[in-house]
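Enquirer: Give me the fold of what follows.
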Amino acid sequence: MLTIAIVAVFLTGYACIALESVIKVNKAAIALFMFVACWTLFMMAPGVYFPGTHDAVGAALDAIEGCLGETATTLFFLMGAMTIVEVVDQNGGFNFVRDLLGTTSKRTLLWRIALMTFFLSAILDNLTTSIVLIMVLRKLVPLRRDRLIYDAIIVIAANSGGAFSPIGDVTTIMLWNGGMITAARSIAWLLVPSLLSMLIPAFLLQFGLKGTLQQAGGSSIVTSEQELKAWERKTVFVLGVGGLIFVPIFRYLTDLPPFMGILFVLAMLWITTELFYAHLKVEEKASNRVARLLSHIDMATILFFLGILMAVNCLKQIGVLTALGEWLDSVSGGNHYLVTGFIGIVSSIVDNVPLVAGCMGMYPLAAAGDMAVDGTFWQLLAYCAGTGGSILIIGSAAGVVVMGLEDISFGWYLKRITPIALAGYLAGILGYWLQSLL
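Expert: Residues are numbered from 1 along each chain as shown. Okay, here's the model as predicted:
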């Protein structure tokens, strides 16, 4: 009965998260409630889950601390990465993006946006990349109705770019931190499928664009005081974005967890910007110092990840996820393409973070085969969970933020973009399968 109660709390909370826009309660609050409620029920009878243990309460507390330690590595990585991107953005580091996209051809602009979004999201993250590109696009294409196709390709390309990179999406970060995938092999195997999931929709969408557009004027995408000199802004960009690229190398060289690398990059960027701002005599002018920008970090998002990951870990402890994984294997006949493909479709409706966290709990790492490190299952899971969110505009953080910024209706996206995004998603899975035959 206790197990049923924990599962009921989780499913109820999950439903509330999916219906956040209807019930008007922030999903972070619901996730935190799920986290505490599930573990409280767990602690009511720890002996049930640790039979034969002399000190069941102590074992349960050790389990909670162990799960919290695993979760913290992901949270620290996210906080570090978000801070680095914020520092680069607020100090004018992304100004060059607008210059690279400048063109009067509608189709050329589509391809430039698609490629720029794809590769930027692999380095940054799909959410931040979407926001930056939307801000740039508003200066290039002032009329909203002319931007809709470009908005759609930003969502698709951001999710595709984040899927092949170990630092491009929260789900890939989770899998990388969890040791399910490695940086080099993830990029090698998922680059082509991810490219296909972006190129196919871009090719189809270009036929809806004809002629030229009038180039819009405008200043830099950054509207802050711009205290830094041009060479200093370039230095901030190189340190920030270059540092993010360096994180996988740092892990390879030191064998330290990825969050250690991201915190090292943040420290170097922080020290450098402090030296740049040291010449300012009036401290208030330095509004873009790291200490001030830390308050810009979306703590609600961080707390959401804390709540959902810890709640999923509770399900893992009680054995529910293992049983569910065995059931999926029996239903699919052990076909990992069907399982991960289905998970990708579901991720267009519900948040992919708990889906991936659940899979990490359902399927243990194996010494060899499809479930081993960099095995077929984990690579397909990274691809499907990342790109499947493009099928519906509410299926990813990038889609939700673009939907809000550009006031895109769910119905318009469903009618005009969903079939195209689905074609790209399936093309990527086919591309991965063809690669496996070589």
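Enquirer: Report the central residue of the chain.
Expert: Nearest to the geometric centre of the chain sits Asp169, at 2.7 Å (C-alpha atoms, centre = their mean).
Enquirer: Quick check: closest non-adjacent residue to it.
Expert: Leaving aside its sequence neighbours, Asp169 sits nearest to Gly162 (C-beta to C-beta, 6 or more residues apart in numbering; 3.4 Å). The C-beta positions use only the backbone N, C-alpha and C, and glycine is treated the same way.
Enquirer: gap between the one you found and His296?
Expert: Taking C-beta to C-beta, to the nearest Å as the measure, Gly162 and His296 are separated by 21 Å.
Enquirer: do Ile149 as well
Expert: 31 Å.
Enquirer: mind listing what the residue nearest to Asp169 touches?
Expert: Residues in contact with Gly162 (C-beta atoms under 8 Å, 6 or more residues apart in numbering) are 121-122, 125-126, 168-169, 172, 386.
Enquirer: now those as a markdown table including pLDDT, distance to Phe207 and secondary structure?
Expert: Shown next, in a markdown table, are these (pLDDT from 0 to 100; distance: C-beta to C-beta, whole Å; DSSP: H, G, I helix; E, B strand; the rest coil):
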| residue | pLDDT | distance to Phe207 | secondary structure |
| --- | --- | --- | --- |
| Ser121 | 89 | 24 | helix |
| Ala122 | 88 | 27 | helix |
| Asp125 | 73 | 30 | coil |
| Asn126 | 81 | 25 | helix |
| Gly168 | 83 | 28 | coil |
| Asp169 | 84 | 29 | coil |
| Thr172 | 89 | 32 | helix |
| Gly386 | 90 | 26 | helix |
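Enquirer: What does Asp298 show for phi and psi?
Expert: Taking degrees, to the nearest 10, you get phi -80, psi 90 for the backbone angles of Asp298.
Enquirer: and the helix or strand encompassing Leu434, what other elements does it pack with?
Expert: Element membership of Leu434, judged by DSSP states H and E, is helix 418-437. Applying 3 or more C-beta pairs under 8 Å, 6 or more residues apart in numbering; DSSP states H and E, we find helix 418-437 packed against helix 144-164, helix 183-205, helix 336-346, helix 376-387.
Enquirer: Nearest to Leu19 among those would be which one?
Expert: Evaluated over these, closeness to Leu19 peaks at helix 336-346, with 15.6 Å, by C-beta to C-beta.
Enquirer: buried sites along that closest one?
Expert: For helix 336-346, the neighbour count (16 or more other C-beta atoms under 10 Å) marks 336-337, 339-341, 343-345 as buried.
Enquirer: Return the member of those nearest to Met44.
Expert: The closest of those, once distances to Met44 are taken by C-beta to C-beta, is Ile343, at 31.6 Å.
Enquirer: Select only the buried ones of the contacts of Gly162 in PyMOL?
Expert: Restricted to buried positions by 16+ other C-beta under 10 Å, the PyMOL selection for these reads:
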select buried, resi 121+122+125+126+168+169+172+386
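Enquirer: Next, the contact list for Leu175, please.
Expert: If you count contacts by C-beta under 8 Å, 6+ apart, then Leu175 has 166, 181, 356, 360, 378, 381-382 around it.
Enquirer: which pair in these spans the largest distance?
Expert: Spatial extent of those (C-beta to C-beta) is set by the pair Pro166 and Met360 at 14.7 Å.
Enquirer: for this structure, what helix or strand is lowest in average pLDDT?
Expert: Within the chain, no helix or strand scores below helix 95-101, which has a mean of 73 by mean pLDDT, DSSP states H and E.
Enquirer: So for that one, what gets flagged as buried?
Expert: For helix 95-101, a neighbour-count test (16+ other C-beta under 10 Å) marks 95, 97-98, 101 as buried.
Enquirer: Isn't Arg107 up against Gln206?
Expert: Yes - using C-beta atoms under 8 Å, Arg107 is in contact with Gln206, at 4.9 Å.
Enquirer: burial of Asn91, as a residue count?
Expert: 28 (other C-beta atoms under 10 Å).
Enquirer: Could you find the closest non-adjacent residue to it?
Expert: Closest residue to Asn91 apart from its sequence neighbours, by C-beta to C-beta, 6+ apart: Val236 at 4.7 Å.
Enquirer: One more: Leu124?
Expert: Nearest to Leu124 is Val85, by C-beta to C-beta, 6+ apart, at 5.4 Å.
Enquirer: In contact with that neighbour, which residues are there?
Expert: By C-beta under 8 Å, 6+ apart, Val85 lies in contact with 124-125, 128, 240.
Enquirer: Switch those over to JSON lines, and while doing so, append distance to Phe76 and secondary structure to every line.
Expert: JSON lines is the format used below for the contacts of Val85 (distance: C-beta to C-beta, whole Å; DSSP: H, G, I helix; E, B strand; the rest coil):
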{"residue": "Leu124", "distance to Phe76": "17", "secondary structure": "coil"}
{"residue": "Asp125", "distance to Phe76": "15", "secondary structure": "coil"}
{"residue": "Thr128", "distance to Phe76": "17", "secondary structure": "helix"}
{"residue": "Gly240", "distance to Phe76": "17", "secondary structure": "helix"}
